[in-house]
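In: Make a model of this:
(one chain, ligands or ions: 2)
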Amino acid sequence: MKPVAISCGEPAGVGPEIAVAAWRALKDEMPMVWIGDPNHLPRGTQVNVITDTATLSPDRFNVMARDFGPPVRPGDPVAAHAHGVIAAITDGVDMVQKGAASALCTAPIHKAALIDGADFAYPGHTEFLAALAHVDRVVMMLACAALRVVPATIHIPLADVPRALTASLLTDTILITHAALRKDFGIDAPRIAIAGLNPHAGEDGKIGQEEIDMIRPVMTALRAQGFDLIGPGSADTMFHAKARAGYDAAICMYHDQALIPIKTIDFAGGVNVTLGLPFIRTSPDHGTAFDIAGKGIADPTSMIAALRMAAQMARQRG
Ligand SMILES: NC(=O)C1=CN([C@@H]2O[C@H](COP(=O)(O)OP(=O)(O)OC[C@H]3O[C@@H](n4cnc5c(N)ncnc54)[C@H](O)[C@@H]3O)[C@@H](O)[C@H]2O)C=CC1
Ligand SMILES: NCC(=O)COP(=O)(O)O
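Out: Ligands and ions are numbered 1, 2, ... in the order given. A predicted model of the protein is given here:
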């Protein structure tokens, strides 16, 4: 198997240390290569600098090295690193697209530093990767053993959500999710639950119209094509254990509606995966954790799960 490429993410965050900790846990299970500045790695990391993934070391931390310039201070991001952080992502995409890597696993970025240092025009990896891959529509899924969730709208202000929620967006989100559940998660007949936007899924139009005007018609049209869709449901009652047993993924209308339940149920084990790209991309579900960066206490469980999921998807796709 080709290695999974890991982009370094924000070097002042926990990205470098969780990458090394994950490598220690997984080095006998799967190959991986980290893209970043080796000066940002925890002291004592035994590094093998490579320029070609054909020369991976089996017992050292393989690095595609980039010079980010100024030194890093844990917990204190600097704009001067922005170009390096972005280049690590574009290098990783290049590697998967050329077949030198089997998948891309991204460590968390700090969007503000990228905007300040490089006028980064994207609110997250998801949107940036879609642009790099020239794909109009991608889907963010967060997955753990107990739950898979998809926010239909992603990184936009809450006030903009109702306007952004269109029949076309919801239809594409359901179709992309359905295809990925079959292709990447091995579920032959996916059951997909759809959340309403409003409290009580609109209470038959008494507390909002989006369910009647858009969500139900989209579901009716797709059900007629054979899709197994449940809802629209009240988001507040969709995530307890018995409800979760009734579906394979829940499509939510906005970011926090999807991410609060999964990060509450399994913050340590959740994985962020982008669906609809021409390559595999996973990520830990957490962010840069500046408050604990560099202290050696960051939990690598989510990074380990993200790397395992990337490898599993690569095997599944063959
Ligand atoms: N995929 C990505 O690039 C993501 C980036 N972010 C970015 O991260 C930055 C910080 O975001 P926050 O909302 O503060 O979330 P966060 O996930 O960085 O931190 C929230 C809390 O969880 C703790 N935490 C996070 N990861 C941990 C780990 N591996 N081990 C132990 N504790 C951990 C932190 O110490 C903090 O107390 C923001 O700039 C945000 O945009 C956030 C989520 C994903
Ligand atoms: N809250 C999830 C998140 O911000 C991750 O976004 P992305 O960088 O994976 O697009």
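
In: Alongside ligand 1, which residues does the stretch 151-300 of the chain contribute?
Out: Contact residues, the stretch 151-300 of the chain versus ligand 1 (CB under 6 Å from any ligand atom): Asn272, Ser283, His286, Gly287, Thr288, Ala289, Asp291, Ile292, Ala298, Asp299. Backbone N, C-alpha and C define where each C-beta goes, glycine included.

In: So in terms of bridging, what pairs with Thr274?
Out: Under DSSP bridges, the beta-bridge partners of Thr274 are Met140, Arg281.

In: Tell me, how many residues neighbour it?
Out: Neighbour count for Thr274, taken as other CB atoms under 10 Å: 25.

In: Let me see the contact set for it.
Out: By CB atoms under 8 Å, 6 or more residues apart in numbering, the residues touching Thr274 are His125, Thr126, Leu129, Ala130, Val138, Val139, Met140, Met141, Arg281, Thr282.

In: Looking at those, which two lie furthest apart in space?
Out: Spatially, the most separated pair among these is Ala130 and Thr282, at 15.3 Å (CB to CB).

In: neighbour count winner among these two?
Out: More neighbours surround Thr282 than the other of Ala130 and Thr282, with 26 against 18 (other CB under 10 Å).

In: wait, doesn't the more buried one sit right on Gly270?
Out: No: using CB atoms under 8 Å, Thr282 is not in contact with Gly270, being 10.7 Å away.

In: Need the phi and psi values for Met214.
Out: phi -130, psi -50 (degrees, to the nearest 10).

In: Roughly how far does it sit from ligand 1?
Out: As judged by CB to the nearest ligand atom, to the nearest Å, Met214 and ligand 1 stand 28 Å apart.

In: Also Leu147?
Out: In this view, Leu147 and ligand 1 are 17 Å apart by CB to the nearest ligand atom.

In: how many neighbours does that residue have?
Out: Count around Leu147 with other CB under 10 Å applied: 22.

In: what does Arg223 give?
Out: Neighbours of Arg223 (other CB under 10 Å): 11.

In: cool, and Gln316?
Out: Neighbour number of Gln316 under other CB under 10 Å is 12.

In: what's the nearest residue to Pro71 if we skip its chain neighbours?
Out: Using CB to CB, 6 or more residues apart in numbering and skipping residues adjacent in sequence, the residue nearest Pro71 is Asn39, 7.0 Å away.
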